[in-house]
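J.: below: sequence and its predicted model.
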Amino acid sequence: MASPRKTTQHRRKPPWWRSRERLIAVGAISLGIIVAVVIVFEIVLPRQITPSGPESVPLQPACPMAASIVVQGFSVPAGPVAGYCQEQLAIAADIIAAGIKSGAPTAAEEIAVMTAIGESSLRNVNYGDKAGPDSRGIFQQRTNWGSLANRMNPYLAARAFYGRLLELPGWQGMTPTQAAHIVQGNADADYYTQFYSRAVVLVDELSKRRITLPTSIPSAGNG
């Protein structure tokens, strides 16, 4: 007599097991979505770059739309260039033009622009500060630099700056901030370092826009 066939009974999974399976499935789907989002942000979207230090070029501002203007033989754009707009770029052009007329090398132009950035942010300041109430202009020059009219004229103020820089013995062998510190007589010998990289960019970019020889401005007094 044949033995009865054994049948396998399928045991039902308890409710808690089915809930566990659902949680695992939902977790896997969520993880896949997160990975996909990360890939999109890393590959598709551009990364925001944070300046690495004080010498970094500042974030580009939104400059007012304007046609290029000619300043001392340079075509000055609306900007931004190295973070500066047309009003400030025009002053940088004055400084570079004064350097050309003074026979100054590019290194001296960079020092001059760097100094003006540090002293006035390339603005023609008509007031002084606590350390020098009589300081004026883009270099914050005091009364021993010349007449107020000359100090408030960016081109003539720059000519005066080059005059002292180029007469400084061994300035070519100094760091830019050391040379500027001696000419300006400020308190911190390293103060101007943070502005040097911006000055290099400005001199380079504006020099590419030179269209004619700079025009000298008649002196308003001393200088």
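T.: Yep, that arrived. Residues are numbered from 1 along each chain as shown.

J.: give me the number of residues near residue 82?
T.: Look at residue 82: counted by other Cβ atoms under 10 Å, it has 24 neighbours. Heads up, the C-betas are built off the backbone N, CA and C, glycines and all.

J.: now it: closest residue in space that isn't a chain neighbour?
T.: Nearest non-adjacent residue to residue 82, counting by Cβ to Cβ, 6 or more residues apart in numbering: residue 201, 4.0 Å away.

J.: for the closest residue to residue 212 other than its chain neighbours, give me its contacts.
T.: Counting by Cβ to Cβ, 6+ apart, residue 73 is the residue found nearest to residue 212 once chain neighbours are left out, at 4.1 Å. Residue 73 sits next to 97, 210-215 when contact means Cβ atoms under 8 Å, 6 or more residues apart in numbering.

J.: let's see the pLDDT reported for residue 73.
T.: On pLDDT, residue 73 comes in at 95.

J.: next, give phi and psi for it.
T.: phi 90, psi 10 (degrees, to the nearest 10).

J.: which among the contacts of residue 73 count as buried?
T.: 97, 210, 214 (16 or more other Cβ atoms under 10 Å).

J.: distance of the second one relative to residue 75?
T.: Noted for residue 210: a distance of 8 Å to residue 75, by Cβ to Cβ, to the nearest Å.

J.: for residue 118, same thing?
T.: According to Cβ to Cβ, residue 118 and residue 75 sit 26 Å apart.

J.: in this protein, which spans are strands?
T.: Using DSSP state E, the strands of the chain run over residues 69-71, 74-76.

J.: which residues touch the last one?
T.: Looking back up the chat, that one is strand 74-76. 68-70, 86, 89-90, 93, 96-97, 206, 209-211, 214.

J.: mind redoing it with 7 Å?
T.: Residues outside strand 74-76 that contact it (Cβ atoms under 7 Å, 6 or more residues apart in numbering): 68-69, 86, 89-90, 93, 96-97, 206, 209-211.

J.: low-confidence stretches in the protein?
T.: 1-61, 215-223 (pLDDT under 70).

J.: 50 instead?
T.: The model of the chain has pLDDT under 50 over residues 1, 3, 5-10, 16-17, 35, 37-57, 221-223.

J.: quick check: closest non-adjacent residue to residue 120.
T.: residue 138 (4.8 Å).

J.: check residue 84 too.
T.: residue 122 is the one closest to residue 84 (Cβ to Cβ, 6+ apart), at 6.1 Å.
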